[in-house]
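[1] Compute the structure for the input listed below.
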Amino acid sequence: MSEVLRALEQVQRGDEAGALVTLVERWRETRSPSIAALVDLLGSRVPDALTKQLADVLTPRVVSSVERLRSMALADDPRVGRFALDALANPPFSAPSGEPLLNLLVDVVDRLRDTRVHAELPHIREVLRARLARLPVFERVSARLEDVARRQRASVEPEPGEAKLAALLRPSKTAEALLADVYAAPDDDAPRRVYADFLLERGDPRGELITLQLARPVGTEPSEREGELLKKHGKAWLGPLATVLSWGKSYSMTRFERGFVAVADFIENAEKKTALIATDPAWATVERFERMLWPGLLLAKAPLRALKQLDRPLSG
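    All right, here's what the predicted structure looks like:
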């Protein structure tokens, strides 16, 4: 019996943790992107020590983030590759000082021989080009990643049992679909609660933030735990908006409410970068702009479903 069919049997009898081990072992033999996807699905259902390690890698500082990622240098697991590819597609640091972390992420993809880089390279290059503050940094990191992609072995064919296993593991609604529900109705708390429950089941700390902020009465001070979560993960949770919003400084006014960006405090001279992410769905939860000198750009293009203030109340 193949390891994929063995994993299928394990899932069917309720041993998802055992199936996860089985599939990781098979992935180490094949580096198959379809098996890596199954590992990602199982990993989200049965969080383990590696889940927590990966959640704790990124910190507000480049140096400590690099140190934590290096501490996982021997981990041979596709979830580590998934983390690296996702971090490259949503770089946590856009200044030149973030280049060591970007290079280390590329090293991780290379070391793991993660063939998913082939399919994801165009999107990663597009994001890095838009997000990185210096063109030479983009060119160096992009060239290294392209070289890694060229040297990866071609993708292998799916094995018997993979499709059935994926159907068993795939949630009725994906994280992307639940997030889209939040963005479609930013004034409604219900989609945020559903998304929070989904994240909590998978050990994602953002689920805790959404739950805490939804429970806090309007106008009251944030809890100490909220502050800890935002200090640790806030910049990553800004996603593409981190390129143009001020965060982590004493003067920064960007604020999360109900788990999402509600107040957007803009970095000076960020107009060109704002144009590159003007249509991003994450703008849907923003209720107020602060220090925005070029509002026409976003007012014309962004999905500003919750916007109520532009440094002052909007008329009408």
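[2] Pull out the buried positions in stretch 108-116.
    For stretch 108-116, the neighbour count (16 or more other CB atoms under 10 Å) marks 108-112, 114-116 as buried. For every residue, glycine as well, the C-beta is placed using N, CA and C.
[3] Now do stretch 261-275: distance to the chain's middle.
    Relative to its chain's centre, stretch 261-275 lies at 20 Å (CA atoms, centre = their mean, to the nearest Å).
[4] tell me which residues in it are buried?
    261-267, 270, 273-274.
[5] Sitting in helices, which of the buried residues of stretch 108-116 do you find?
    108-111 (DSSP state H).
[6] for these, which one is nearest residue 214?
    Proximity of these to residue 214 (CB to CB) peaks at residue 108, which lies at 34.9 Å.
[7] residues contacting the closest one?
    69, 80-81, 83-84 (CB atoms under 8 Å, 6 or more residues apart in numbering).
[8] top of those residues by neighbour count?
    The most crowded member of these, judged by other CB atoms under 10 Å, is residue 81 (28 neighbours).
[9] A strand includes it, no?
    No. Per DSSP: H, G, I helix; E, B strand; the rest coil, residue 81 lies outside any strand segment and is helix.
[10] ok, back up a step: kindly reformat the buried residues of stretch 108-116 as TSV containing distance to residue 19 and pLDDT.
    As requested, the buried residues of stretch 108-116 are arranged in TSV below (distance: CB to CB, whole Å; pLDDT from 0 to 100):
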residue	distance to residue 19	pLDDT
108	24	97
109	25	96
110	28	96
111	25	95
112	21	95
114	21	94
115	22	92
116	20	93
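[11] Check whether residue 208 really touches residue 229, as I assumed.
    Yes. Residue 208 sits in contact with residue 229 when judged by CB atoms under 8 Å, with a separation of 6.4 Å.
[12] What count of nearby residues applies to the nearest residue to residue 20 once chain neighbours are set aside?
    Nearest non-adjacent residue to residue 20, counting by CB to CB, 6 or more residues apart in numbering: residue 42, 4.4 Å away. For residue 42, the tally of surrounding residues (other CB under 10 Å) stands at 24.
[13] who has more neighbours, residue 208 and residue 229?
    Neighbours were counted for residue 208 and for residue 229 using other CB under 10 Å; residue 229 has more, 21 against 18.
[14] before we move on, what SS does that one have?
    Three-state call for residue 229 (three-state DSSP): helix.
[15] Residue 222 now?
    Residue 222 ends up coil, using three-state DSSP.
[16] who's in contact with the closest residue to it other than its chain neighbours?
    Among residues not flanking residue 222 along the chain, residue 216 sits closest, at 7.0 Å (CB to CB, 6+ apart). Neighbouring residues of residue 216 by CB under 8 Å, 6+ apart: 222-223, 226.
[17] From these, list just the buried residues.
    Buried among the contacts of residue 216 (16+ other CB under 10 Å): 222, 226.
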